[in-house]
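> next come a sequence and a model predicted from it.
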Amino acid sequence: MIAEGLKQNEFAIAPLVYLVDDDVDFREELVSGLSRLGLTVHGFDSAPSLYRAYAARPSDIVILDIGLDGEDGLSIAAHLRASQSVGIIMATARGSIDDKADGLRNGADAYLVKPIDI
């Protein structure tokens, strides 16, 4: 059976997703859930670990928590948006209108408020 939109001898490549969240349980749950949906997902706990992986192999999508130790998700989003064409999703517990506006202004394409049900 050939996936819709593909021709014989063509195959779909799963999007590469990088997830940055310092909550180990949430990060592992989201990586597992997104992987079950067919995405290639790697989780990181900080901006430096994301930047190292991204420099070696840029991802198609980056999912960011805002409240990270060190560089926060808003700063990471602004940095990525300025230098690369990448899908950016904020996944955070901060749910106010101002927080959402800040996330979108800093480069996020989508803003999700935790808890997130895969």
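Received the coordinates, thanks. Residues are numbered from 1 along each chain as shown.
> ok, now how distant is the residue nearest in space to the middle of the chain from Gly33?
The centre of the chain sits closest to Ile63, judged by Cα atoms, centre = their mean, with a distance of 1.7 Å. Per Cβ to Cβ, to the nearest Å, Ile63 is found 12 Å from Gly33. To be clear about C-beta, it is placed using only N, CA and C from the backbone, and glycine gets the same treatment.
> contacts only, for the residue nearest to the centre of the chain.
Counting by Cβ atoms under 8 Å, 6 or more residues apart in numbering, Ile63 makes contact with 17-21, 30, 89-91.
> which ones among the residues you listed lie within strands?
Taking DSSP state E as the definition of strands, the contacts of Ile63 contribute 17-20, 89-91.
> neighbour-wise, which of these leads?
Counting neighbours by other Cβ atoms under 10 Å, the top entry in these is Met90, with 27 neighbours.
> check contacts around that residue.
63-66, 73, 77, 103, 108, 110-112.
> for it, give the beta-bridge partners.
Legend: beta-bridge partners of Met90 under DSSP bridges are Leu64, Tyr111.
> how far away is it from Leu112?
Here Met90 is placed at a distance of 7 Å from Leu112 (Cβ to Cβ).
> could you check how far stretch 70-78 is from the centre of its chain?
Stretch 70-78 sits 12 Å away from the centroid of its parent chain (Cα atoms, centre = their mean, to the nearest Å).
> buried residues in stretch 93-113?
Residues 94, 99-100, 102-103, 106-108, 111 are the ones in stretch 93-113 that count as buried (16 or more other Cβ atoms under 10 Å).
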